[in-house]
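**Student:** the sequence isn't on hand, but the structure is:
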């Protein structure tokens, strides 16, 4: 199966890449006038990651047809400045795509710190389905979109391919170090949010109407 | 594909009725004649050219009552499939009010290995007359259990895939009433019964329309052709018909070279044929064009970057005033604005 899967995935990679580029362009247009966007990026999943996910024994039940079932073959990410920007982004996503799944990823226990992000799975819209995409009939029906702050990203990204996938093998001290980074990032987000609330109240909100006689 | 399962239920509208009746029907034995009729209906429906819809699923659980029933009907054992078909018939009955006629609801499953294609049909009831030649004088009998295959009020939906959470998320619908002025009536099939939404979201479709207009406008060379594009922009902004696709826009408002250039600009077939509800704010924002209507039937249209420059707006609220200055490079005489 892996050889067949490798061949099939290599064959579709150019189409995944061109569709990811279209999605990126689409997201940039959607958020053209939205404030506090740090960056928007989209990518097609690389073969190595696809294979790792397709054959991961931790997935129970396993994939019957990973070429259709793995939903982040195309994925986008919107990184924003402040926590309060996330709901606005999510709302705009809902106005432009049909979401089928929404997950607010965060540690299970309140006293834990770790990966935080919002993940949406959306149906691939008609205008991003090229004629080749439609004709093949075996492309994924969905794509993934992540929404997070700069600090959530700062914690997640550097260690994504290292610690996230080998968490059981990490020494205790290293795990505590990573938790400390996550806690610091969480704290920074809270502090930045307080700053933003203060700033917008002072400088951005409309003045009270003058009701003096 | 093999015709694997076909049920039929007589359904009456019961949306506003307190005590409802259960639909009557069940599994139907498919003979060669029925198979041939269903094949002809499928061919007539031209599903590949019909609008795409997405199931509006609960994003926490990825469930949708209609989708779940459709998948159970497709992949379930006969007893559970029958329960799912009855559930669908019940849902249909409760989605229809008295503006709809009673109908024959026919859910069909075609199978190819692990994949299934489900087609849901409704054929409206028609009163028909039947001439009977008996031993005495001929009689005419009024038949009230006859259902029309060719009526404009027939509807259909097609979904397909395997029994996986990533499948059966998008499908195509045949619905000639989808553009009806009454949204409540128009949305009965797609919205209330199927629990679907148009795959092309309103903002996305409107933005794509505006971008395509801009690209076409830039590609056109003659001022007359460009003027046709401009008139089309003004017309769609004022049209009460909000449901549109890029193709219907071209059909309604364009002709000749501008129409051909517009259609050529659209890269994908799916993008051309997918309907959406026009959103004027998104359109103006994307097109970077604003049209002002002044007193005494005067219209001023301006590219957004010119507002504040050669087009000045002063005042606030109802007292806003517009002044505009520039060299006239062309002019046209018309009987009306657009």
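**Tutor:** Noted; the coordinates are in hand. Note that the structure is predicted; figures quoted are calculated from it, not measured.
**Student:** and residue A:82, how far is that from residue B:214?
**Tutor:** In this view, residue A:82 and residue B:214 are 33 Å apart by C-beta to C-beta, to the nearest Å. To be clear about C-beta, it is placed using only N, CA and C from the backbone, and glycine gets the same treatment.
**Student:** which SS class is the residue nearest in space to the middle of chain A?
**Tutor:** Per C-alpha atoms, centre = their mean, the C-alpha nearest to the average position across chain A is that of residue A:146, at 1.6 Å. Here residue A:146 is recorded as strand under DSSP: H, G, I helix; E, B strand; the rest coil.
**Student:** pull the contacting residues for it.
**Tutor:** A:75, A:76, A:77, A:78, A:117, A:118, A:119, A:120 (C-beta atoms under 8 Å, 6 or more residues apart in numbering or on different chains).
**Student:** closest one of the residues you listed to residue B:224?
**Tutor:** residue A:76 (41.8 Å; C-beta to C-beta).
**Student:** I figured the closest one hits residue A:45, correct?
**Tutor:** No. Judged on C-beta atoms under 8 Å, residue A:76 makes no contact with residue A:45 at a distance of 12.0 Å.
**Student:** which residues of chain B lie near chain A?
**Tutor:** Contact residues (C-beta under 8 Å from any C-beta of the partner chain) of chain B with chain A: B:52, B:54-57, B:59-60, B:62, B:161-162, B:164, B:166-167, B:169-170, B:197, B:199-205, B:207-208, B:211, B:267-271, B:273-274, B:285-286.
**Student:** buried ones from the residues you listed, can you make that a ChimeraX selection?
**Tutor:** To isolate the buried subset of the residues of chain B next to chain A in ChimeraX, counting by 16 or more other C-beta atoms under 10 Å in any protein chain shown, use the following:
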select /B:52,54,55,56,57,59,62,161,162,166,167,169,170,197,199,200,201,202,203,204,205,207,208,268,269,270,271,273,274,285,286
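**Student:** low-scoring stretches of chain A, by residue?
**Tutor:** By pLDDT under 70, the weakly predicted segments of chain A are A:1, A:161-167, A:206-213.
**Student:** what about residue B:125, which SS state?
**Tutor:** strand.
**Student:** could you do residue B:197 as well?
**Tutor:** strand.
**Student:** helices along the chain, start to end?
**Tutor:** Reading this off chain A. Assigned by DSSP state H, the helices in chain A fall at A:2-30, A:47-54, A:66-69, A:86-96, A:131-136, A:150-156, A:172-199.
**Student:** chain B was what I was after
**Tutor:** Along chain B, counting by DSSP H, helices occupy B:32-45, B:65-75, B:78-95, B:183-186, B:202-219, B:223-238, B:246-253, B:256-265, B:269-273, B:280-287.
**Student:** mean pLDDT lowest for which of those helices?
**Tutor:** Lowest mean pLDDT of the helices of chain B: helix B:183-186, a mean of 63.
**Student:** now check stretch A:38-52, is it near chain B?
**Tutor:** No. Stretch A:38-52 lies out of reach of chain B by C-beta under 8 Å from any C-beta, never closer than 14.8 Å.
**Student:** pull out the buried residues from that stretch.
**Tutor:** Neighbour counts over stretch A:38-52 (16+ other C-beta under 10 Å) mark A:40, A:42, A:43, A:44, A:45, A:50, A:51 as buried.
**Student:** and the fourth one, what does it touch?
**Tutor:** Residues touching residue A:44, when contacts are defined by C-beta under 8 Å, 6+ apart, comprise A:13, A:16, A:17, A:19, A:20, A:73, A:74.
**Student:** with neighbour count as new columns, can those be given to me in CSV?
**Tutor:** Formatted as CSV, the contacts of residue A:44 follow (neighbours: other C-beta atoms under 10 Å in any protein chain shown):
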residue, neighbour count
A:13, 15
A:16, 21
A:17, 14
A:19, 24
A:20, 21
A:73, 27
A:74, 26
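**Student:** spit out the contact partners of residue 117.
**Tutor:** No chain in the question, so chain A it is. Counting by C-beta under 8 Å, 6+ apart, residue A:117 has contacts A:105, A:146, A:147, A:148, A:152, A:156.
**Student:** let's do chain B instead
**Tutor:** Each residue near residue B:117 by C-beta under 8 Å, 6+ apart is listed here: B:1, B:109, B:110, B:111, B:158, B:159, B:160.
**Student:** of these, which is the most crowded?
**Tutor:** residue B:159 (25 neighbours; other C-beta atoms under 10 Å in any protein chain shown).
**Student:** tell me the contacts of that one?
**Tutor:** Contacts of residue B:159 by C-beta under 8 Å, 6+ apart are B:67, B:70, B:117, B:118, B:168, B:170, B:171.
**Student:** what does the pLDDT read for the residue lying closest to the third one once chain neighbours are set aside?
**Tutor:** This points to residue B:117. Of all residues not flanking residue B:117 in the chain, residue B:160 sits nearest, at 4.0 Å (C-beta to C-beta, 6 or more residues apart in numbering or on different chains). Residue B:160 carries a pLDDT value of 95.
**Student:** isn't residue B:160 up against residue B:170?
**Tutor:** No. At 9.5 Å, residue B:160 does not count as touching residue B:170 under the criterion of C-beta under 8 Å.
**Student:** quick one: name the residues of chain A near chain B.
**Tutor:** Neighbours of chain B within chain A, by C-beta under 8 Å from any C-beta: A:26, A:29-30, A:33, A:64-65, A:68-69, A:71, A:95-102, A:120, A:123, A:125-127, A:129-131, A:134, A:140-142.
**Student:** measure stretch B:305-319 end to end?
**Tutor:** With C-alpha to C-alpha, to the nearest Å as the measure, stretch B:305-319 spans 23 Å from end to end.
**Student:** what's the offset of that stretch from the middle of its chain?
**Tutor:** The chain centre lies 39 Å from the centre of stretch B:305-319; the measure is C-alpha atoms, centre = their mean, to the nearest Å.
**Student:** contacts for that stretch, please.
**Tutor:** Outside stretch B:305-319, the residues touching it (C-beta under 8 Å, 6+ apart) are B:288, B:290, B:300, B:302, B:320, B:321, B:322, B:323, B:324, B:325, B:326.
**Student:** number of nearby residues for residue 137?
**Tutor:** No chain was given, so I picked chain A. Neighbour tally, residue A:137, other C-beta under 10 Å: 8.
**Student:** um, chain B though
**Tutor:** Residue B:137: 7 surrounding residues under other C-beta under 10 Å.
**Student:** who touches stretch A:19-36?
**Tutor:** Outside stretch A:19-36, the residues that touch it by C-beta under 8 Å, 6+ apart are A:37, A:40-44, A:74-76, A:78, A:80-82, A:85, A:88-89, A:92-93, A:96, A:124, A:127-128, A:130, A:133, A:143, B:203-204, B:207, B:211, B:285-286.
**Student:** that one: which residues count as buried?
**Tutor:** A:19, A:20, A:22, A:23, A:24, A:26, A:27, A:30, A:31, A:36.
**Student:** then stretch B:205-223?
**Tutor:** Residues of stretch B:205-223 classed as buried by neighbour count (16+ other C-beta under 10 Å): B:205-210, B:212-214, B:216-217, B:219-220.
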